[in-house]
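J.: next input, structure requested:
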Amino acid sequence: MPELLLYTTAGCHLCEYAEAMLAELSQSREFRVTPMDISASEALVARYGLSIPVLRNPRSGKELNWPFSPEQVAALLDMART
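T.: The predicted model follows:
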């Protein structure tokens, strides 16, 4: 099953929008999203602190910054399958 990482943190309203969109998309496509709380790492805060939510394909290294569309997520998922 393809996996995507969602860089997020508590209290991020944009992250909540992204999570809702990903939950809806998962109704029609099979994939797993692993949330990564950036507050657990100074390096992640430095890298993603101003741009979360960020969706990452761990296999390809490709990332989508918010706002991302369902079509963009589908393309990122297709990269995760290869």
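
J.: okay, buried residues for the helix or strand hosting residue 4 please.
T.: Secondary structure from DSSP states H and E places residue 4 in strand 3-8. By neighbour count on 16 or more other C-beta atoms under 10 Å, the buried set for strand 3-8 is 4-8. Any C-beta I mention is one placed from the backbone N, CA and C, and that applies to glycine too.

J.: and what of stretch 53-67?
T.: 53-57, 63-64, 66.

J.: from those, which land in strands?
T.: Within the buried residues of stretch 53-67, residues falling in strands by DSSP state E are 54-56, 63-64.

J.: as JSON lines, the residues you listed with distance to residue 79 would be great.
T.: As requested, these are exported to JSON lines (distance: C-beta to C-beta, whole Å):
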{"residue": "54", "distance to residue 79": "15"}
{"residue": "55", "distance to residue 79": "11"}
{"residue": "56", "distance to residue 79": "11"}
{"residue": "63", "distance to residue 79": "11"}
{"residue": "64", "distance to residue 79": "11"}
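
J.: now what about stretch 8-15, what contacts it?
T.: Residues from elsewhere that reach stretch 8-15, judged by C-beta atoms under 8 Å, 6 or more residues apart in numbering: 6, 18-19, 35-39, 52-53, 66.

J.: which stretches of this structure form helices?
T.: 13-25, 42-48, 70-81 (DSSP state H).

J.: CA atoms only for the first one, dumped as CSV, please.
T.: Right, the one you point to is helix 13-25. Taking C-alpha atoms only, helix 13-25 is exported to CSV below (Å, rounded to 0.1, in the frame of the first residue of the first chain):
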residue,chain,number,x,y,z
HIS,A,13,-6.0,24.7,11.0
LEU,A,14,-4.6,24.2,7.5
CYS,A,15,-3.3,20.8,8.5
GLU,A,16,-6.8,19.9,9.6
TYR,A,17,-8.1,20.9,6.1
ALA,A,18,-5.4,18.8,4.5
GLU,A,19,-6.3,15.8,6.8
ALA,A,20,-10.0,16.1,5.9
MET,A,21,-9.2,16.2,2.2
LEU,A,22,-6.9,13.2,2.5
ALA,A,23,-9.5,11.2,4.4
GLU,A,24,-12.1,11.9,1.7
LEU,A,25,-9.6,10.9,-1.0
